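Chemist: Sharing a model that was predicted from the sequence below.
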Amino acid sequence: YSLGGAQVNSISKEGGNRFTGSIFLAGTGDKLQSDNLDDELRAAGLTSINKVRKVFDYNAAFGGPIVADRVWFFATGRRWGTTTAVANTYFDANPNDFVFTNDLNRPLEPEERDGGYGGRITVQATKKDKFSISYDCQKNFSEQLTGQLETGTIKTEANLGYCQRQDVTQGSWTRPQNNNLLFDAGVTVSRFNFSNHGTDLYLSDYEQCGNGLPNNVLINDVGLGFSYGGVGFRQLALSHQTNGRVNVSIIKGSHTLKTGAFWMYGLGGGHRVYTDRSPSQVNGLPGWYTFLNGNPTWLTEFAAPFLTTNQLNPDLGLYVQDQWRVSRFTVSAGLRFDWVRQSIAPTESPAGLITPARSYPARTDIPNWKDLNPRLGVVWDPKGDAKTAIKFGINRYVQSATTGMANLLDPAQANSSTTRTWTDSN
């Protein structure tokens, strides 16, 4: 369930018996671009155009033997990113005055900055047993992950940039028992943090993500058609999990049989999200404003801070598949059992400016789904010369699902906000 659809295996580099490496450097600036901003466009109100300020990608890799024929290493690192300019888009001259005014001296140039590094050690413990352990880490930032700043519907001070940090530790084992029998297994621990680059769920080491202002209230002006002011909240999401696999492959004559299992389980209590709405610009009031052409019309208030904790326990897949050849036909058939079970942990949210402390009991089996998914494929080589193939397949897959259903039904998110007219005396 965690993946959904078809899956593809890849073979990672692991080093060898000689030292080898590579370096890749690429980049460009804005000098290779033309500029069509002329008097006619300026007269129409265009003051700047879209541009690519810079694009860069630097990476290096190196590997080789630690003990010849027995132990090898491979390591790599990469840094890449872009800076662009968005037409007619500027910072707010004064983000604290509840009015958006273009600062023509500060055009907006959204950035994306990404970095990663990793290493792997492989050990040929016996003639048949090979073990591998690896560690990979990425830290990414994008001012506009989906291009939202280019739509003109949100200003940079109100835009929550995308910040994430993930590290993955993996171990694997393979053993070709003989020419007909292969065993392989692996386990992964993944730690994924997003919404800011801090690590403390309760935001003691919070790092602002991009130009969005967490201590300024968000203002959505439906007359002007954009939001501005600030983000209005701070947040951290932790999504840590472990997964593993074990497979057995049997190759005998015209048959290739494979069977195995895959599992995934949430760590640290599951998928945890803590949100604090207390913009100091409005004395910590957890809310946002709706304006109409600069005039306040609505106030939306939130129950904050609040915590959600949703667990995946477990995501399990058991499968068996066989492929056999009969004359010019190759038939593949398989059956997979998928089981996903989600739950909501008991949580306690502290008191906020307008809400008391709240607690919520645990809930289990949200959902508890079990599916049998058959797979069938046929390939026909009509001439037997391996030049023409006619293929047919019919397969059933489950849609990807981890903790989404539990998050949707989490009582901590029920009745989390209310919207009042500006003149509501209550």
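Modeler: All right, it came through fine.

Chemist: Please list all residues in contact with Cys137.
Modeler: Gly116, Tyr117, Gly118, Arg165, Gln166, Asp167, Val168 (C-beta atoms under 8 Å, 6 or more residues apart in numbering). All C-beta atoms are positioned from the backbone trio N, CA, C, and that covers glycine.

Chemist: which two from those residues end up farthest apart in space?
Modeler: Gly118 and Arg165 (13.9 Å; C-beta to C-beta).

Chemist: that's a helix at Arg42, yeah?
Modeler: Yes: per DSSP: H, G, I helix; E, B strand; the rest coil, Arg42 lies within a helix segment.

Chemist: Would you check how far apart it and Ile219 are?
Modeler: 29 Å (C-beta to C-beta, to the nearest Å).

Chemist: higher neighbour count, the two?
Modeler: Ile219 (24 against 11; other C-beta atoms under 10 Å).

Chemist: Now do the same contact list for that one.
Modeler: Phe98, Ala158, Ser227, Tyr228, Gly229, Trp288, Tyr289, Thr290, Phe291.

Chemist: rerun at 10 Å
Modeler: Contacts were defined as C-beta atoms under 10 Å, 6 or more residues apart in numbering; by that measure Ile219 touches 98-100, 155, 157-158, 226-230, 232, 288-291, 294, 296.

Chemist: Of those, select the buried ones using a ChimeraX command.
Modeler: Per 16 or more other C-beta atoms under 10 Å, the buried members of these correspond to this ChimeraX selection:
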select :98,100,155,157,158,226,227,228,229,230,232,288,289,290,291
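
Chemist: Just the C-alphas of stretch 301-320, formatted as CSV.
Modeler: Extracted C-alpha coordinates of stretch 301-320, given in CSV (Å, rounded to 0.1, in the frame of the first residue of the first chain):
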residue,chain,number,x,y,z
GLU,A,301,-9.7,31.7,14.2
PHE,A,302,-7.8,28.4,14.9
ALA,A,303,-7.6,26.0,17.8
ALA,A,304,-3.8,26.2,18.3
PRO,A,305,-1.4,24.9,19.1
PHE,A,306,-2.3,21.3,18.1
LEU,A,307,-0.6,18.0,17.6
THR,A,308,-1.5,15.1,15.4
THR,A,309,0.1,11.6,15.6
ASN,A,310,-0.9,9.0,13.0
GLN,A,311,0.6,5.5,12.9
LEU,A,312,1.2,3.0,10.2
ASN,A,313,1.1,-0.4,11.8
PRO,A,314,1.8,-2.2,9.5
ASP,A,315,1.9,-2.0,5.8
LEU,A,316,2.5,-5.6,4.8
GLY,A,317,2.8,-7.3,1.4
LEU,A,318,3.2,-11.1,0.7
TYR,A,319,3.6,-12.2,-2.9
VAL,A,320,4.4,-15.1,-5.2
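
Chemist: re the thing from before, out of the contacts of Cys137, which sit inside strands?
Modeler: Gly116, Tyr117, Gly118, Arg165, Gln166, Asp167, Val168 (DSSP state E).
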